[in-house]
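In: Structure of the sequence below:
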Amino acid sequence: MSTATFSQQGNLPRLPIPPVEETLDRYLKSVRPFATESEFAATSSAAKTFVSSGAAAELQRRLIEHEKTQPGSWLSNWWLALAYHSWRESVLVNSNWYIIFRDEDSLATTSTKGPAAFTHVQVKRAAKLVAGCLDYKDRIDSEVLPVETTKAGPLCMNQYRNVFGVTRVPKKDCDYNFGSHPCHFKHIVVSVRNQFYAIDVYAGGKRLSADAIEKQLWKIIELAKQDSSQAPIGFLTAEHRDTWAAAHEHLEKLDPTNKKSFAIIESAILNVALDEFNVGPLTDDLAKYVFHNFTGANRWFDKSITICVSADGRAGANGEHSPLDALVCAYLMNHAVQFQETKKSTPEMDSVPAVKSLTWVVDASVKEYIEKAKLYAKNLIADSDVKVVNFSKYGADFIKKQVGVSPDAYMQMALQLTFFRLHKHYPAVYETASTRKYLYGRTETGRSMSIDSANFIQAFNNSSLEPAKKIDAFKTACKSHVDYLTKAGNGFGVDRHLLGLRMVMKPGESHEIFKDPLFARSSHWDLSTSGLFSSKNVVGTGFGTVYPDGYGMNYALHSGAFTIGVESKASNKKTDTKKFCDTLEQSNLVELHELALAAKSAKL
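Out: From the prediction side, this is the model:
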């Protein structure tokens, strides 16, 4: 099999459309933990009527016909529009993800959080990270980045076409992405003091070295020190999408200069943000810095990748979610963090175009848009309660060797148990299942809450039950979780298929199954979760909760530790990030460990 990056795209199967009866059966099983006897009877009746009336078969027929008209996947265009571009809330906190990097070995850890001048360690690290990203870009463009594979075969690499040179552009009702692969533009955009600058990172057919990039970054800093009078347009990217679309359109009509500046930002390979701020030693503060920079300043949140570096050299990446998932970008960042330049064949500096300062023509209306955007961002950020758990008492090795279950399933049970103990009801859980074994595949919903996990939660909280029976219930729940996630990854989940059936309904058409209360309740995600691969270079990741009364969390399961980034809304009286993290870390993960040891001892 060829390992060239995109060589297997033509051999990948298309995302299947499951038999509708199988999807309905899985759906009924998934809603059972949330339902009373009478509610479940009503939902079951609605599902039977959906089939017996012929409605399910008709919608399935239409979906199959739609699939025949799509060049790659019956789902991909709908998903991009519905999950991202037509969703009008701000991408800040609500949609963008963050990835935080390990510190450089030489980094001083004595800094305290607060304002600080630009530093050599900051600029040197930013330049090195950019150089690492450019090396990865060259690997993608030349197709030497190997095709990712699993035991089942190659994975779709299409998202790698959306890593560089891609920007979300606001448009009323539905945004769009600018960019195409390969990205032929030669520049990156750098933000300093809310000012934006462009520097070419390729010249004369050669890539600039990290040292050369560092020199250009210092030139930008000096320019910003001399003049920081341009309007802070970046704040507008934190706004409600329709407000931002109106401001964007107004700016373009106001003066051609604005259109040129937009074009430079939108076509840039990536963005870099340098801030006059020490993050300090706390991981939580680093997460907040990369997630939103505390105020939303000095960012262009619509960019697919923004590398953020603080004055004390702490760093991470913020990404707009629509063109690619965080997992794909994490592979890039893992490469960039550990990148060591071995050759410094770089163009002469006098052949590199000068730094370009981006300028804006604004009026009173634009100034008002910006002031409102600052307040909008301030309120969004104030309501975002972020914490990162670093649990080091044990990790994936113990789970696999001593418990004998999937580490991911183990974590999912711990999260469900935590939620139940705090909120006294079972959570509706979304876990990202990858469908990249299919052409243009991205994700399917793993409905992690099951009857078996409900039984485990009840067993675990039963003080009179012996450890062996508790661990049996736990293992049964973990097996159910793995079975569902496997089916979802194979394209046989529930949520994407039901979405497809709804999408082919005609105007005015209605079916009881989609109006049933359990349909809404079972997909009102109390826990929005996703797992990331283990890496010493990536020390935390996260994203915002989907619903204001839920939690958003991303976790990495290391051999001897866990990292979990958690977010909830400070204004919601039901949720509490600190309580959730404390309960998970100090109680549940410890008690599950003790249970596993007790059950094992009982068998000896």
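In: Which residue ranges of the stretch 251-400 of the chain form helices?
Out: Listed in chain order, the helices of the stretch 251-400 of the chain (DSSP state H, counting those that start in this stretch) span residues 256-267, 283-292, 326-338, 364-382, 396-398.
In: Flag the shaky bits of the stretch 1-150 of the chain, pLDDT-wise.
Out: By pLDDT under 70, the low-scoring segments of the stretch 1-150 of the chain are 108-109.
In: wait, the stretch 301-450 of the chain
Out: Low-confidence segments of the stretch 301-450 of the chain, defined by pLDDT under 70, span residues 343-350.
In: now for the helices of the stretch 251-400 of the chain, which one comes closest to Leu417?
Out: Across the helices of the stretch 251-400 of the chain, Leu417 has its closest neighbour in helix 396-398 (17.5 Å, Cβ to Cβ). Using the backbone N, CA and C atoms, a C-beta is placed for each residue, glycine as well.
In: by contact count, what packs against the helix or strand following that closest one?
Out: Once helix 396-398 ends, the next helix or strand along the chain (criterion: DSSP states H and E) is helix 407-423. Applying 3 or more Cβ pairs under 8 Å, 6 or more residues apart in numbering; DSSP states H and E, one finds that helix 407-423 makes contact with strand 429-434, helix 451-460, helix 467-489, strand 527-532, strand 551-557, helix 577-582, helix 589-603.
In: Return the distance of helix 407-423 from the chain's centre.
Out: Between the centre of helix 407-423 and the centre of its chain there are 20 Å (Cα atoms, centre = their mean, to the nearest Å).
In: and it with helix 451-460, angle?
Out: For helix 407-423 against helix 451-460, the angle by axes from the mean of the first three to the mean of the last three Cα atoms, to 10 degrees is 60 degrees.
In: okay, the angle between helix 407-423 and strand 429-434?
Out: Orientation of helix 407-423 against strand 429-434 (the same axes, to 10 degrees) gives an angle of 160 degrees.
In: List the buried residues for helix 407-423?
Out: Along helix 407-423, the positions that meet the burial threshold by neighbour count (16 or more other Cβ atoms under 10 Å) are 407-422.
In: quick revisit: could you identify which of the helices and strands packed on helix 407-423 is most buried?
Out: Neighbour counts averaged per stretch over the helices and strands packed on helix 407-423 are highest for strand 551-557, at a mean of 25; criterion: mean count of other Cβ atoms under 10 Å.
In: which outside residues touch it?
Out: Counting by Cβ atoms under 8 Å, 6 or more residues apart in numbering, the neighbours of strand 551-557 from elsewhere in the structure are 97, 326, 395-396, 399, 407-408, 411, 415, 419, 526-535, 538, 540-546, 562-568, 575, 577, 580.
In: can you check stretch 129-140 too?
Out: Applying Cβ under 8 Å, 6+ apart, the set of residues contacting stretch 129-140 is 5, 101, 145, 160-161, 163-164, 182-183, 188, 201, 207-210, 213, 269-270, 272, 305, 307, 309, 315, 332, 335-339, 341.
In: buried sites along it?
Out: For stretch 129-140, burial by neighbour count (16+ other Cβ under 10 Å) applies to 129-137, 139-140.
In: How about stretch 563-574?
Out: When burial is assessed from 16+ other Cβ under 10 Å, stretch 563-574 yields the following buried residues: 563-569.
In: chain center to that stretch: distance?
Out: Its chain's average C-alpha position is 16 Å from that of stretch 563-574, according to Cα atoms, centre = their mean.
In: give the contact list for Tyr289.
Out: Contacts were defined as Cβ under 8 Å, 6+ apart; by that measure Tyr289 touches 275, 277, 279, 308, 310, 314, 316.
In: Identify the farthest-apart pair in the residues you listed.
Out: Using Cβ to Cβ, the two most remote members of the contacts of Tyr289 are Phe277 and Gly316, lying 13.4 Å apart.
In: Nothing else from me, thank you.
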